[in-house]
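Participant: build me a model from this:
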Amino acid sequence: MTQQKSKQNKDSGFGKFEKILVPITGLPVDDEALRLACELARKPKSKVHVFHVIEVDRRLPIDAVIENEIEKAERILTHAENVAMEADYEIETDLVQSREAGPSIVDEAVEGEYDLIVMGMIYKKRFGMFHMGEAIPYVLESAPCRVILCRTTALK
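Facilitator: Below you'll find the predicted structure:
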């Protein structure tokens, strides 16, 4: 029995995931991350969950209705559904309001028991140095599962 379990773990290696979380922000790189998640999910027919976080200013209540942000988020999620449809894959989408995206992504990964997070990121510099923003380092440090980053090429 122990040998069989060990073999199963070894065979399950990279690329076989039951639940994949794809946090999106509305940038073109999200399409690439979503396509990758759909491709990774295809063979075992895994669940792909696209997740968008509206970051709410601390001066507002967390459940404040921010119409323009909600409309923008709905457009972003609709676009993600279209990208997944082009990739011939069915996804689930979700919209959350939070103070910060990073902790919300990690909380969702923990609560949903996800096996993988696939995130897109743009190449950007801050003070002349490569910068990943705030959410990505938080997710890389705190996620309970594997994380794949899809980074765009450097702008020239």
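Participant: where in the protein is pLDDT low?
Facilitator: Residues of the chain that meet the criterion pLDDT under 70 lie in 1-15, 154-156.
Participant: in the lengthiest strand in it, what counts as buried?
Facilitator: Longest strand of the chain, by residue count under DSSP state E: strand 47-55. Along strand 47-55, these residues count as buried under the neighbour rule (16 or more other CB atoms under 10 Å): 47-55. The way it works is simple: take the backbone N, C-alpha and C, and place the C-beta from them, glycine included.
Participant: in JSON lines: these, plus distance to residue 73.
Facilitator: Listed next are the buried residues of strand 47-55 as JSON lines, based on distance: CB to CB, whole Å:
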{"residue": "47", "distance to residue 73": "21"}
{"residue": "48", "distance to residue 73": "18"}
{"residue": "49", "distance to residue 73": "15"}
{"residue": "50", "distance to residue 73": "11"}
{"residue": "51", "distance to residue 73": "11"}
{"residue": "52", "distance to residue 73": "5"}
{"residue": "53", "distance to residue 73": "9"}
{"residue": "54", "distance to residue 73": "6"}
{"residue": "55", "distance to residue 73": "11"}
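Participant: closest one of these to residue 76?
Facilitator: Relative to residue 76, the closest of the buried residues of strand 47-55 is residue 52; by CB to CB it sits at 5.6 Å.
Participant: would you indicate which residues of stretch 141-156 are buried?
Facilitator: Across stretch 141-156, burial judged by 16+ other CB under 10 Å covers 143, 145, 147-148, 150-151.
Participant: please apply the same query to stretch 117-136.
Facilitator: 117-122, 132, 135-136.
Participant: try stretch 72-90
Facilitator: Buried residues in stretch 72-90, defined by neighbour count with 16+ other CB under 10 Å: 73, 76-77, 79-80, 83-84, 87, 89.
Participant: what number of residues lie near residue 111?
Facilitator: For residue 111, the neighbour count with other CB atoms under 10 Å is 8.
Participant: so what's it up against?
Facilitator: By CB atoms under 8 Å, 6 or more residues apart in numbering, the contact list for residue 111 is empty.
Participant: now do it against residue 21, distance only.
Facilitator: As judged by CB to CB, to the nearest Å, residue 111 and residue 21 stand 10 Å apart.
Participant: could you do residue 50 as well?
Facilitator: Relative to residue 21, residue 50 is positioned 8 Å away (CB to CB).
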